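> below are the sequence and a predicted model; questions follow.
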Amino acid sequence: VDVQTVGELANASVDVARIRGLQAVARPIGPAAIELRTTPLDPDGRAKLTQAVRTDVPALKRLVLRDDMPPPEDVPLKTVADATKKVSTVVAGDPAYIQTVDGARYFTGAIMPSGHRLIGIVGNTVMLEKNGRQTQLKF
């Protein structure tokens, strides 16, 4: 039996939004029900996100989508940890990736929790991009 808590459903819904390049937060609002807040979406983006969440999180019975979250501050990064959760490993191999303490792996092209896209890892340099601005971090 695969049982998911409403908190896990909320986290899974946030992951679906982040995979699509959106900033998102979610909170439980009842049994198998969550409120998902994102940065502003156009009607097509809203419909696509709703469908993706319903497809990827099938145990979710009720989804309230609010796209009223303000865009994150465009703060420059100083360390790899600023762009991720807590980083445990940076692998400059093939494929290159960043692994966080919770086991999540971010490969080239992935959107970090901060909204930065992982452009690549070469040697001891991690390259990220957000809002058209590239940042190189040395480790």
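Alright, I've got the coordinates. Residues are numbered from 1 along each chain as shown.
> residues in contact with the lowest-mean-pLDDT helix or strand in the chain?
Of all helical and strand segments in the chain, the minimum by mean pLDDT, DSSP states H and E falls on strand 87-91, at a mean of 80. Residues from elsewhere that reach strand 87-91 (C-beta atoms under 8 Å, 6 or more residues apart in numbering): 80-81, 97-101, 121, 126, 139. Bear in mind the C-beta positions are built from the backbone N, C-alpha and C, glycine included.
> tabulate the CA atom coordinates of it in PDB.
What follows is strand 87-91, C-alpha atoms only, in PDB (Å, rounded to 0.1, in the frame of the first residue of the first chain):
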ATOM      1  CA  VAL A  87      24.400  21.000  -1.400                       C
ATOM      2  CA  SER A  88      26.200  17.700  -0.500                       C
ATOM      3  CA  THR A  89      28.000  16.900  -3.700                       C
ATOM      4  CA  VAL A  90      28.900  18.600  -7.000                       C
ATOM      5  CA  VAL A  91      29.800  16.100  -9.700                       C
END
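> give the helix, strand or coil label for Leu118.
At Leu118 the chain is in strand, as set by DSSP: H, G, I helix; E, B strand; the rest coil.
> that one reaches Ala104, doesn't it?
No: Leu118 is not in contact with Ala104 according to C-beta atoms under 8 Å; the separation is 12.0 Å.
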